[in-house]
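1. curious how this folds, go ahead:
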Amino acid sequence: MANLPEFLCNSLAWDRGSEFALHKDISNALDLDVDFGGPHSPWQRGANENTNRLLQQYFLRSTNLSAYSESYFDAVADELNDRPRKTTGWRKSADAIPELINKNC
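-> Coordinates of the predicted model:
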């Protein structure tokens, strides 16, 4: 995130899982506010909930993720990042983000 333009790095909104226990270290390292939605309030973390739903197409709940290779995770990430999104006017993020950066820098 250190390489992203400042206007894209105002804050992060994360899930409330134990995997984010070191959020203060990340916040300090990036000089970035880390926000957590309220418990039982998924609408406060829309992108997170949407991504979780999309990931469930690849990994069922309770799946042992150690059975997968890093290259498989990379392929899933590439596929998800290559999807057209409503918030970008049904463009792919790879097409919309450079335009956003050029417009705001």
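2. which parts of the chain are helices?
-> Here the chain has its helices, by DSSP state H, at 23-30, 46-55, 70-81, 93-104.
3. what would those look like in a markdown table with mean neighbour count?
-> (C-beta placed from N, C-alpha, C; glycine too.) What follows is those, written out as a markdown table (neighbours: other CB atoms under 10 Å):
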| stretch | mean neighbour count |
| --- | --- |
| helix 23-30 | 12 |
| helix 46-55 | 12 |
| helix 70-81 | 12 |
| helix 93-104 | 12 |
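4. quick one: closest of these to H40.
-> The minimum distance between H40 and these falls on helix 46-55, with 12.1 Å, by CB to CB.
5. chain center to the closest one: distance?
-> How far helix 46-55 lies from its chain's middle: 8 Å, per CA atoms, centre = their mean, to the nearest Å.
6. what does that helix rub up against?
-> Applying CB atoms under 8 Å, 6 or more residues apart in numbering, the external contacts of helix 46-55 come out as 13-15, 37, 42-43, 76, 80, 83.
7. give the rounded mean pLDDT of that helix.
-> Here helix 46-55 scores 85 as its mean pLDDT.
8. compute the inter-axis angle for it and helix 70-81.
-> 120 degrees (axes from the mean of the first three to the mean of the last three CA atoms, to 10 degrees).
9. output helix 46-55 as PDB, nothing but the C-alphas.
-> Only the C-alpha atoms of helix 46-55 are listed here, as PDB (Å, rounded to 0.1, in the frame of the first residue of the first chain):
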ATOM      1  CA  GLY A  46     -19.600  -4.300   2.100                       C
ATOM      2  CA  ALA A  47     -16.400  -5.000   0.100                       C
ATOM      3  CA  ASN A  48     -15.300  -7.500   2.700                       C
ATOM      4  CA  GLU A  49     -18.600  -9.300   2.700                       C
ATOM      5  CA  ASN A  50     -18.700  -9.400  -1.100                       C
ATOM      6  CA  THR A  51     -15.200 -10.800  -1.300                       C
ATOM      7  CA  ASN A  52     -16.000 -13.400   1.300                       C
ATOM      8  CA  ARG A  53     -19.000 -14.500  -0.800                       C
ATOM      9  CA  LEU A  54     -16.900 -14.600  -3.900                       C
ATOM     10  CA  LEU A  55     -14.200 -16.700  -2.200                       C
END
